[in-house]
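Visitor: Structural data only, the sequence is not supplied:
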């Protein structure tokens, strides 16, 4: 059974930092692109970042470039999202997701349950 379990969300003031973690099990971790998505109330889910396995490149949404950094520890089957200089508009439910391919195609095969990030002004 494939499981993606996020942790690390919480309440933080604007300008603060959080580090999200995603523990993956039940799939060959290095064979699938891994991404972070978020969904705010009343808004569509959007991709925040994605790590491709074929070229090891990480893509970021324009709204988080320079503030968020995604990393991966393949030995531990973990991915992380370091979020700095958080803004109230970053408030959302953040999901870890495994792509169906080894590159970031946007076709998600597996989702985590999400972790809430709330940024107060």
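Guide: Happy to help now that I have it. Keep in mind it's a predicted model, so treat the numbers as computed, not measured.
Visitor: Pull the contacting residues for the closest residue to residue 81 other than its chain neighbours.
Guide: Of all residues not flanking residue 81 in the chain, residue 20 sits nearest, at 4.2 Å (CB to CB, 6 or more residues apart in numbering). In short, each C-beta sits where N, CA and C put it, glycine included. Counting by CB atoms under 8 Å, 6 or more residues apart in numbering, residue 20 touches 6-9, 36, 80-81, 83, 94, 96, 115, 117.
Visitor: For residue 20, which three-state class applies?
Guide: State at residue 20, reduced to three classes by DSSP: H, G, I helix; E, B strand; the rest coil: strand.
Visitor: quick one: pLDDT of it?
Guide: Note for residue 20: predicted pLDDT of 98.
Visitor: Tell me the confidence at residue 29?
Guide: Looking at residue 29, its pLDDT is 80.
Visitor: The nearest residue to it once chain neighbours are set aside: neighbouring residues, count only.
Guide: Nearest non-adjacent residue to residue 29, counting by CB to CB, 6+ apart: residue 77, 4.5 Å away. Here the number of neighbours of residue 77 (other CB atoms under 10 Å) works out to 18.
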